[in-house]
Structures are given as structure tokens and as C-alpha cells.
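>>> predicted structure and sequence below. I'll ask about it afterward.
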Amino acid sequence: MNDHVLQSNQLTKKFKGAFALDKVNLSIRKGSIYGFIGQNGAGKSTLIRIAAGLAFPTDGHIELFGAGGELELVQARKRIGSIIENPALFPNMTAAENLEANRILRGIPGKECIGRTLALVGLQDTGRKKAKNFSLGMKQRLGLGIALLSDPEFLILDEPTNGLDPMGVVEMRELLVRLNRERGITILISSHILSEVYLLATHYGIIHHGRLLEQLTAQELKGKCQQYIHIKSDNPDKASAVIQNGLKTSDFEVMPDGSIKLYGKIERPGEISALLVSSGLMLEQFMPMGEDLESYFTKRIGGISHV
Ligand SMILES: Nc1ncnc2c1ncn2[C@@H]1O[C@H](COP(=O)(O)OP(=O)(O)OP(=O)(O)O)[C@@H](O)[C@H]1O
């Protein structure tokens, strides 16, 4: 059984000879939240538009839910909800009226989905307020509600937090995590800011100049970005005990070679090394390691710009 909702194979798109996508092999696993990260112009929207059937590749192909034929893709896209560019809202209608108009336009049976969707996106108390008077965060949530009307298995969101204030970003994040956990909806969310999707994505794809540089899991990214102190001493057991009892933290890992990765309480490395040495340990290595998210991203995309 194919457990991917979206796969692209050597996907290529050229605009007047310039590559917007260059042989992209991307795969999104069922049940995941895939953070699709790249600077403006990297190619995110182009891939998303092809997935949604709004643009065609120059070369390569995509599969949705394991299906790749033209007619099969049309069927598969019925299982997708999306917000691409700004959600198309009727400005003079209320939230409920917007949902109802979209329900009718898309031939979705049964009015019950309106109230349910309003509650799901937290707009149940907006009453007679018209969409044009909504905050940007409310507009985005209404757009999400419209995308959710058909009960999709896969949500595609192109920069849904763009322009939102920090509170709006948090609300959107919580909502998306809930949709993923409680309803099992797979989500593709693009952003040009890695930290905006860091707290929700389970997988990442980093794209730059149309090339997919890397796909990695949240765990792998965490491993690459987490700050820690690398400690190698003459007595790993004693070093562990000193860290546990002296620093009062168990947030560390003893590696197979006996070195220690200390994650917790690392703000004052000088004090830690002094504590270890004064306990009679001989330190062979003592190095703060790791980098923050944005510098990881910058380094990753920086690597290709010199090629
Ligand atoms: N219709 C088009 N005609 C010509 N060039 C295009 C077209 N659409 C996109 N491009 C170009 O393709 C490249 C990728 O654009 P794309 O919109 O996919 O990037 P993006 O990562 O989504 O960035 P943004 O967040 O700015 O939309 C850019 O260089 C862009 O100028």
C-alpha cells in the first residue's frame, strides 16, 4: 500500500527558460505535517500549484494518494483542501454565509457542515460581522474553514501565516495541529520562515532556486539544531553522576563512545567545566555545539548559492 499522499518525481517547471522547479523528488507521508521551506521565489508556490492542478509541469510528474494518471489525479484532488494565495472570500458576507456559498458552489450536500466547520475554526461567535471587517487571522481561519468543508484528507496551505501577527500564528498553528492529531489530516504548509513551522511540522523539505536541497524529519532537524555541550572525559560514569547530582539535570545523553551530550542547564558552560574538573575529572573535550534554526536554514541554502 502506498502511504504517501503526495510524491513528485523529477518534477520540473520552466518559465521562459528559467527553472522554477528543477527535478524535484518530494514525498509527503500520510499523517505528517510537512513544512515546505524556502525563500521567496524558491519554487514553493509552483509545486503547490501543480499539486492542486492549477499549473502543469514542464517535465516529471506527481502522484496523489498513489495515483498518477490524468483522470486519477482529477479524482484524487477531490480528497484535497487548499488555501493557495489569499483565500477567496465574499467580503460582504458573514462567515456562515461564506461557508454556505462555497458549499453550494462546490455541490457539497447537507447544511450541517456549516455550524460544525465554524466551530472547528473558532468563528462560531462572529454573528453578523462581515468578512471584510475580519482580522487577517480570522480571514485565514475562514479560508481554512472553506478548505475543510469537503472533509479533505490532505490540506495544502501556501504561506497561511504570511502577514499574521504572533497571536494569529499561534492560533493557526494550534488549529492545524488539532486537525492533524484529531482528524488525521495530512498537511503541507509552506513558509519562508523555518521557525514559523518548527513547532508543528513533523517533516521538512527545504527548497532553494527550484531545487529540493533536503528532506528531513523533525527529529533529525532537532538533532541538527539543538544546542548542547559535547563533553568527553576520562570517566563517563562519574561525569554523568556529577551532571545529574551537581547540575540537577537529566537532560543529557551518554553516547556509545562515552562522550556526553548535555542539553539542559548549558547557559554557563564555564561553571559546568569548573564543576567537572573540581570533581577530579579530566576533560578531553568540552565544546558547545549546535546551531539555531534560522542559521541552519541560511547555511543550508547558502551552500548552494555558491555552486
Ligand atoms: N507565471 C509565472 N511566470 C513567470 N515566472 C514565474 C511564474 N510563476 C513563478 N515564476 C517564477 O518562478 C520562480 C518560483 O516562484 P514561486 O512563486 O514558485 O516561488 P515561492 O517559493 O512560492 O515564492 P513566493 O513565496 O514569493 O511565492 C520565481 O523565480 C518566480 O519569479
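Ah, there it is.
>>> least confident secondary structure element in this protein?
Least confident helix or strand, the chain: helix 293-305 with a mean of 71, by mean pLDDT, DSSP states H and E.
>>> residues in the protein within reach of the ligand, list them.
15, 20, 38, 40-46, 159, 192 (C-beta under 6 Å from any ligand atom). C-beta: built from backbone N, CA, C; applies to glycine.
>>> not counting residues beside it along the chain, what's closest to Leu179?
Ile185 (4.7 Å; C-beta to C-beta, 6 or more residues apart in numbering).
>>> give the contact list for the one you found.
Going by C-beta atoms under 8 Å, 6 or more residues apart in numbering, Ile185 touches 152-155, 179.
>>> could you redo the last one with a cut-off of 10 Å?
Ile185 makes contact with 5, 31, 33, 81, 148, 151-155, 176, 178-179 under the criterion C-beta atoms under 10 Å, 6 or more residues apart in numbering.
>>> also Tyr198?
Contact partners of Tyr198, counting by C-beta under 10 Å, 6+ apart, are 35, 37, 173, 191, 204, 218, 221-222, 225, 293-294.
>>> try it again at 7 Å.
Taking C-beta atoms under 7 Å, 6 or more residues apart in numbering as the contact definition, Tyr198 lies against Leu293.
>>> now the one 10 residues further on
Counting by C-beta under 7 Å, 6+ apart, His208 touches 38-39, 42, 301, 304.
>>> tally of neighbours for Met282?
Using other C-beta atoms under 10 Å, Met282 has 10 other residues around it.
>>> ok, Ala20 next?
For Ala20, using other C-beta under 10 Å, the count is 22.
>>> circling back: please indicate which of the contacts of Ile185 are buried?
For the contacts of Ile185, a neighbour count by 16 or more other C-beta atoms under 10 Å gives the buried set as 5, 33, 81, 148, 152-155, 176, 179.
>>> which stretches of this protein have low pLDDT?
1, 303-307 (pLDDT under 70).
>>> relative to the longest strand anywhere in it, what are the paired strands and their orientations?
Using DSSP state E, we find that the single longest strand of the chain is strand 4-15. In the sheet, strand 4-15 lines up against strand 18-24 (antiparallel), strand 27-29 (antiparallel), strand 59-64 (antiparallel) (DSSP bridges).
>>> what does the helix or strand just after the last one contact?
Moving toward the C-terminus from strand 59-64, the first helix or strand encountered (DSSP states H and E) is helix 70-76. Residues outside helix 70-76 that contact it (C-beta under 7 Å, 6+ apart): 53, 64-65, 67.
>>> would you list the residues of the chain next to the ligand in JSON lines and tack on distance to Asn92?
Formatted as JSON lines, those follow (distance: C-beta to C-beta, whole Å):
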{"residue": "Phe15", "distance to Asn92": "36"}
{"residue": "Ala20", "distance to Asn92": "36"}
{"residue": "Gly38", "distance to Asn92": "36"}
{"residue": "Asn40", "distance to Asn92": "32"}
{"residue": "Gly41", "distance to Asn92": "34"}
{"residue": "Ala42", "distance to Asn92": "36"}
{"residue": "Gly43", "distance to Asn92": "36"}
{"residue": "Lys44", "distance to Asn92": "32"}
{"residue": "Ser45", "distance to Asn92": "28"}
{"residue": "Thr46", "distance to Asn92": "33"}
{"residue": "Glu159", "distance to Asn92": "26"}
{"residue": "His192", "distance to Asn92": "32"}
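>>> which residues does the residue sitting nearest the centre point of the chain form beta bridges with?
The chain has Gly35 as the residue nearest its centroid, 2.4 Å off, counting by C-alpha atoms, centre = their mean. Under DSSP bridges, the beta-bridge partners of Gly35 are Ile189, Tyr204.
>>> so which residues of the stretch 101-250 of the chain form strands?
Secondary structure of the stretch 101-250 of the chain by DSSP state E, counting those that start in this stretch: the strands cover 154-158, 186-191, 203-208, 211-217, 228-233.
>>> in stretch 123-133, what counts as buried?
123, 126, 130-131.
>>> try stretch 19-27
Neighbour-count burial for stretch 19-27 [16+ other C-beta under 10 Å]: 19-22, 24, 26-27.
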